[in-house]
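In: please work out how this folds:
(one chain, ligands or ions: 1)
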Amino acid sequence: MGRVYNFSAGPAVLPEEVLKEAADEMLDYRGTGMSVMEMSHRSKPFEQIITEAEQDLRDLMNIPDNYKVLFLQGGASQQFAMIPMNLMKNRVADYIVTGQWAKKAAKEAEKYGKVNRIASSEDQTFSYIPDCSDLPVSEDADYVYICENNTIYGTKFKELPNTKGKTLVADVSSCFLSEPVDVTKYGIIYGGVQKNIGPAGVVIVIIREDLITEDVLPGTPTMLAYKTHADAKSLYNTPPAYGIYICGKVFKWIKSQGGLEAMKEKNEKKAKVLYDFLDQSRLFKGTVVPKDRSLMNVPFVTGDADLDAKFVKEAKEAGLENLKGHRTVGGMRASIYNAMPAEGVVALVDFMKRFEEENL
Ligand SMILES: *Cc1c(COP(=O)(O)O)cnc(C)c1O
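Out: Model (predicted):
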């Protein structure tokens with residue numbers, strides 16, 4: 001069997017060109033006689049890999065010099081603890097709860113200090129983004145936290161919250177490099193790379209330098225202090241070397257596609273094909289308030305759990321994989337990250353049209 005259209009929310013589809021290049025270099029990375037998996041993280045070739053990866057990411061996102069780029073481990077979930085451990089000087093933080101990931105992050109932060117949930121969309125199963133233009137931001141909050149794209153529910157902040165001068169911390173796992181961002185608006189931007197950038201095992205943290213201090217909460221492990229990794233240029237210990245190598249290739253692939261402006265244009269076009277179909281379908285419907293729709297994760301339902309299951313099964317037989325919605329939501333979800341070709345979305349919509357005719 002050949003490759004399928006993989007709509008998984010993560011780990012997710014990667015650009016075929018990148019996988020092929022990695023395959024070509026698997027046994028002998030550029031004349032070194034070994035795989036990147038087998039080489040020292042202190043070797044010259046790896047030094048070049050990580051340096052170029054960082055530079056390419058800086059170019060793509062236009063990251064200012066007063067921000068560090070860290071390649072860490074532990075997934076996005078480890079950041080749920082690392083952020084309060086490093087940033088909670090007053091032991092107070094404000095969280096905007098727009099889905100399971102923000103909810104988990106808030107719960108974890110509660111281990112370290114007072115957490116104020118200053119807005120939430122849980123009342124409507126997280127199907128919208130609350131108005132964040134004038135929130136009761138706490139006087140002494142060390143930061144305001146958001147999950148910018150909600151992977152499970154398919155919502156996205158189209159405008160960042162007004163933090164009233166407080167540091168903004170954002171989990172961008174599922175919208176990383178999907179469109180241009182203004183890094184200067186954030187204190188920390190971070191994400192696990194397995195949604196839109198690379199293989200699981202790498203989390204990228206882009207952090208403003210003044211937030212990297214020795215003044216962390218008592219008991220913070222060495223490995224969980226940003227300063228440890230910033231001082232060592234992400235080489236304090238053995239980094240997830242092969243994962244970083246693949247991320248680097250994806251950065252170059254995005255550059256070759258025209259950068260983040262071009263990614264955004266492509267992603268908007270792809271998402272429009274699917275949303276336009278959903279908006280006129282008599283069988284399927286999207287679950288998110290239109291103005292807050294994500295370009296990356298598109299949940300939809302028929303309203304009948306048995307029919308949903310039938311759809312997922314038949315779609316798989318047609319080479320459209322991993323369309324089952326998150327176990328907490330049900331229905332379907334199509335994740336259409338950067339690496340999902342436009343043809344994949346067209347194939348999905350064609351299949352949905354056929355299924356609708358046959359089952360209505
Ligand atoms: C997947 C995901 C996470 C969890 O990532 P792990 O790397 O598995 O810890 C956190 N936040 C968002 C937005 C996600 O999509």
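In: what about the strands in the protein?
Out: Secondary structure of the chain, counting by DSSP state E: strands at 5-6, 67-72, 92-97, 114-120, 144-147, 149-150, 155-156, 168-171, 188-192, 203-208, 285-286, 297-301, 320-321, 332-335.
In: could I get those as CSV with mean neighbour count and distance to residue 312?
Out: C-beta here means a position set from N, CA and C on the backbone, and glycine is covered the same way. Formatted as CSV, these follow (neighbours: other Cβ atoms under 10 Å; distance: least, Cβ to Cβ, whole Å):
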stretch, mean neighbour count, distance to residue 312
strand 5-6, 21, 14
strand 67-72, 22, 34
strand 92-97, 24, 29
strand 114-120, 18, 30
strand 144-147, 29, 26
strand 149-150, 28, 21
strand 155-156, 25, 22
strand 168-171, 24, 27
strand 188-192, 25, 25
strand 203-208, 23, 30
strand 285-286, 16, 16
strand 297-301, 25, 12
strand 320-321, 20, 9
strand 332-335, 25, 6
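In: looking at those, which is closest to the ligand?
Out: The ligand sits nearest to strand 188-192 of all the strands of the chain, at 3.2 Å, using Cβ to the nearest ligand atom.
In: quick one: list the elements packing against the closest one.
Out: If contacts are counted by 3 or more Cβ pairs under 8 Å, 6 or more residues apart in numbering; DSSP states H and E, strand 188-192 sits against helix 75-87, strand 168-171, strand 203-208.
In: got those as TSV, with mean pLDDT and distance to residue 33 columns?
Out: As requested, these are exported to TSV (pLDDT from 0 to 100; distance: least, Cβ to Cβ, whole Å):
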stretch	mean pLDDT	distance to residue 33
helix 75-87	98	32
strand 168-171	98	40
strand 203-208	98	30
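In: okay, those in a markdown table with distance to the ligand next?
Out: As requested, the helices and strands packed on strand 188-192 are exported to a markdown table (distance: least, Cβ to the nearest ligand atom, whole Å):
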| stretch | distance to the ligand |
| --- | --- |
| helix 75-87 | 3 |
| strand 168-171 | 5 |
| strand 203-208 | 6 |
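In: residue 32 against residue 39, yeah?
Out: Yes: contact criterion Cβ atoms under 8 Å: residue 32 and residue 39 qualify, at 6.5 Å.
In: okay, the nearest residue to residue 175 once chain neighbours are set aside: pLDDT?
Out: Leaving aside its chain neighbours, residue 175 sits nearest to residue 149 (3.6 Å; criterion: Cβ to Cβ, 6 or more residues apart in numbering). On pLDDT, residue 149 comes in at 98.
In: with the one 10 residues further on instead?
Out: According to the model's per-residue confidence, residue 159 sits at a pLDDT of 98.
In: what about it, how many residues nearby?
Out: 9 (other Cβ atoms under 10 Å).
In: and the protein, which residues reach the ligand?
Out: Proximity of the chain to the ligand, by Cβ under 6 Å from any ligand atom, involves residues 10, 75-77, 101, 147, 151, 171, 173-174, 192, 195.
In: can you redo the residues you listed as CSV, where the extra columns are distance to residue 311?
Out: Shown next, in CSV, are the residues of the chain next to the ligand (distance: Cβ to Cβ, whole Å):
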residue, distance to residue 311
10, 21
75, 30
76, 29
77, 30
101, 26
147, 28
151, 20
171, 30
173, 27
174, 23
192, 28
195, 23
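In: give me the buried subset of those residues.
Out: 10, 75-77, 101, 147, 151, 171, 173-174, 192, 195 (16 or more other Cβ atoms under 10 Å).
In: ok, so of those residues, who is nearest residue 53?
Out: residue 192 (15.9 Å; Cβ to Cβ).
In: surely the closest one meets residue 76?
Out: Yes: at 3.8 Å, residue 192 and residue 76 qualify as touching, with contact defined as Cβ under 8 Å.
In: show me which of residue 32 and residue 39 is the more surrounded one.
Out: Neighbours per residue (other Cβ under 10 Å) separate residue 32 from residue 39, with residue 39 holding more: 19 against 15.
In: setting aside sequence neighbours, what's the nearest residue to the more buried one?
Out: In space, residue 39 is closest to residue 46, 5.7 Å off (Cβ to Cβ, 6+ apart).
In: ok, now which ones touch the one you found?
Out: 36, 39-40, 241, 245 (Cβ atoms under 8 Å, 6 or more residues apart in numbering).
In: cutoff 10 Å now
Out: With contact taken as Cβ atoms under 10 Å, 6 or more residues apart in numbering, residue 46 is in contact with 29, 32, 36, 39-40, 235, 239, 241-242, 244-245.
In: buried among the residues you listed? Make that a ChimeraX selection.
Out: Per 16+ other Cβ under 10 Å, the buried members of the contacts of residue 46 correspond to this ChimeraX selection:
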select :29,36,39,235,239,241,242,244,245
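In: narrow the contacts of residue 46 to those in helices?
Out: 241-242, 244-245 (DSSP state H).
In: distance of the nearest residue to residue 353 once chain neighbours are set aside relative to the ligand?
Out: Excluding the flanking residues, the one nearest residue 353 by Cβ to Cβ, 6+ apart is residue 277, at 7.4 Å. Going from residue 277 to the ligand by Cβ to the nearest ligand atom, to the nearest Å gives 24 Å.
In: neighbours of the closest residue to residue 289 other than its chain neighbours, just the number please.
Out: Excluding its sequence neighbours, the residue lying closest to residue 289 (Cβ to Cβ, 6+ apart) is residue 128, at 4.1 Å. Using other Cβ under 10 Å, the number of residues around residue 128 comes to 18.
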